[in-house]
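>>> kindly return the folded structure for what I paste below:
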Amino acid sequence: MFSAETYTERRRALAEKVDSGLILFLGNLEAPMNYASNTYPFRQDSNFLYFFGIDRPGLAATLDAGTGETIVYGDELTMDDIVWTGDLPTISEQAEAAGVFKTAPMVALESAVKGKSVHYTPPYRGKNIIWISELLSITPAAAKSGASMELIRGIISLRSYKSAEEVEQLDIAVRVTEAMHIRAMEVARPGLTEAQVHAAIQETVHSYDSHTSFLPIVSVRGEVLHNHSHSNLMNSGQLLLVDCGGESPMHYAGDMTRTFPVDTTFNDQQRDIYQVVLASQVTAVEMCRPGVAYRDVHLEAARVITYGLKELGLMKGDPEEAVEAGAHALFFPHGLGHAMGLDVHDMEDLGENYVGYDERYERSDQFGLAFLRLGKELEPGFTITVEPGVYFIPQLIDQWKAEGLHSRFIDFDALDAYRTFGGIRIEENLLITGDSSRLLGDGIPKTVEDIEELRG
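Purely as a prediction, here's the structure:
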């Protein structure tokens, strides 16, 4: 946990952003895999962690926006519990460590919220939807739709700006992530399965007493953006895309991607496309600084990709016009990056558009650009990912070719030689500073030469 003063100040700042009423925080409960006592690894709700820091299941809390009174609710362990869990700190002790000096059993929560104007965040777990509906005597549907916009905007206005102690946690998370990637590069070779590389990644993250911040992507089918299967055999001539992240001890997330040859060196085709993606990624990183709209960074990254693919004979026409029309999205169909912090897609439970856009920057509905999770201007304290990619998706290529879509910008015949190529993505994590940005962590091989040296 951080200091009690940190959590007290966060709650005070939040209360100032909500005019009146009772702010309700529901911590997460244990989630069963297949029967009640066989649970998934516990992960506390990130908003609860941010404002209270208590990492245990079965808790709730209230904050009176008018008076500032704060109460943590939960049931202390019984001897039957202690037999299985061992002796743990009491809820009262953990609450005091977060600057809260009033606790109550969970049964008292219902009367505490009864008849009050209650603010809560959008529930994303089924149990919490039911819990809210029972506490407030409303339907589950009303519980899902009744989240407080005032509270959502207040939380985003605080969590978007990372403090020095949060940045320290993010650096730890990214260093764990870097170790995971180095291990993947050391292990992968023809004849192994993706699962064996995935196992090496998991061994590494657990050796840091950490957990993955999301399900790792370890795939020779890099054109499948969220491919969580690890069943393929890795063959000579293929690329392996690894997208993974570790958590810090306080659950801050890392999120990085590297793509490298299953062989020890890139072949000519792989090297050509890799250099295009790398140029795009380096350009995007250099653009990231306060006052620059991330949508503009995304579009510039797309232009670099388009110019590069035109030089390789895969695109044609005016690159500026091609990007404006969205033709590049055949190869780069996702957004350049997103906010990160306690969540790998930070605060996504509160609503992507509220986190990544504002009154000046609205989300596009153009294919590809519509998937950009962060479009607004960057500010000091933001932590983000930068992750351009180039992919050859046979089904998408066939659809666009059949429809004649963007045919004046794309040489569909030239794409026949790339149908089994897969995809390349390069991703790093940045902190926006007072006048520029810096990479989180220590950095790992990214150039063709450095990757080949490590792979060799």
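>>> C-alpha only now, for contacts and for neighbours.
Noted.
>>> now do the contacts for Arg221.
Asn227, Leu240, Leu241, Gly422, Gly423 (CA atoms under 8 Å, 6 or more residues apart in numbering).
>>> ok, 10 Å please
By CA atoms under 10 Å, 6 or more residues apart in numbering, the contact list for Arg221 reads 227, 229-230, 232, 238-241, 391-393, 420-424.
>>> please apply the same query to Thr383.
Applying CA under 10 Å, 6+ apart to Thr383 gives the contacts 160-162, 167, 170, 338-341, 346, 429-433, 437-440.
>>> show the buried residues in the residues you listed.
Buried members of the contacts of Thr383, counted by 16 or more other CA atoms under 10 Å: 160-162, 167, 170, 338-341, 346, 429-433, 437, 439-440.
>>> so which of the contacts of Arg221 sit within strands?
Using DSSP state E, the members of the contacts of Arg221 that fall in strands are Leu239, Leu240, Leu241, Tyr391, Gly423, Ile424.
>>> what's near enough to touch Arg455?
By CA under 10 Å, 6+ apart, the contact list for Arg455 reads 182, 184-189, 260-265, 449.
>>> for ChimeraX, write a command that selects the buried ones of those residues.
Buried residues within these, by 16+ other CA under 10 Å, are selected in ChimeraX with:
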select :182,184,185,187,188,189,260,261,262,263,264,265
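>>> ok, so of the contacts of Arg455, who is nearest Ser137?
Ala184 (50.7 Å; CA to CA).
>>> mean confidence score for whichever strand or helix holds Thr306?
In this assignment (DSSP states H and E), Thr306 forms part of helix 294-311. What helix 294-311 shows for mean pLDDT is 98.
>>> dump that helix to PDB, restricted to CA.
The C-alpha coordinates for helix 294-311 follow below in PDB (Å, rounded to 0.1, in the frame of the first residue of the first chain):
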ATOM      1  CA  TYR A 294      -2.900  11.400 -29.600                       C
ATOM      2  CA  ARG A 295      -5.300  11.100 -32.600                       C
ATOM      3  CA  ASP A 296      -2.700  13.200 -34.600                       C
ATOM      4  CA  VAL A 297       0.100  10.800 -33.400                       C
ATOM      5  CA  HIS A 298      -2.000   7.900 -34.600                       C
ATOM      6  CA  LEU A 299      -2.600   9.500 -38.000                       C
ATOM      7  CA  GLU A 300       1.100  10.300 -38.400                       C
ATOM      8  CA  ALA A 301       2.000   6.700 -37.500                       C
ATOM      9  CA  ALA A 302      -0.400   5.600 -40.200                       C
ATOM     10  CA  ARG A 303       1.200   7.900 -42.800                       C
ATOM     11  CA  VAL A 304       4.600   6.500 -42.100                       C
ATOM     12  CA  ILE A 305       3.200   3.000 -42.600                       C
ATOM     13  CA  THR A 306       1.500   4.100 -45.800                       C
ATOM     14  CA  TYR A 307       4.700   5.700 -47.200                       C
ATOM     15  CA  GLY A 308       6.600   2.600 -46.300                       C
ATOM     16  CA  LEU A 309       4.200   0.200 -47.900                       C
ATOM     17  CA  LYS A 310       4.100   2.300 -51.000                       C
ATOM     18  CA  GLU A 311       7.900   2.000 -51.300                       C
END
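>>> and the next helix or strand after that helix, which residues are buried?
Using DSSP H and E, the helix or strand that follows helix 294-311 in sequence is helix 319-325. Buried residues in helix 319-325, counted by 16+ other CA under 10 Å: Pro319, Glu320, Ala322, Val323.
>>> closest to Pro32 among the residues you listed?
The closest of the buried residues of helix 319-325 to Pro32 turns out to be Val323 (CA to CA; 46.5 Å).
>>> JSON lines for the ones in strands among the contacts of Arg221, including distance to Ile130 and neighbour count?
Formatted as JSON lines, those follow (distance: CA to CA, whole Å; neighbours: other CA atoms under 10 Å):
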{"residue": "Leu239", "distance to Ile130": "45", "neighbour count": "24"}
{"residue": "Leu240", "distance to Ile130": "42", "neighbour count": "28"}
{"residue": "Leu241", "distance to Ile130": "39", "neighbour count": "27"}
{"residue": "Tyr391", "distance to Ile130": "41", "neighbour count": "23"}
{"residue": "Gly423", "distance to Ile130": "42", "neighbour count": "27"}
{"residue": "Ile424", "distance to Ile130": "42", "neighbour count": "29"}
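>>> nice, that's everything, thank you.
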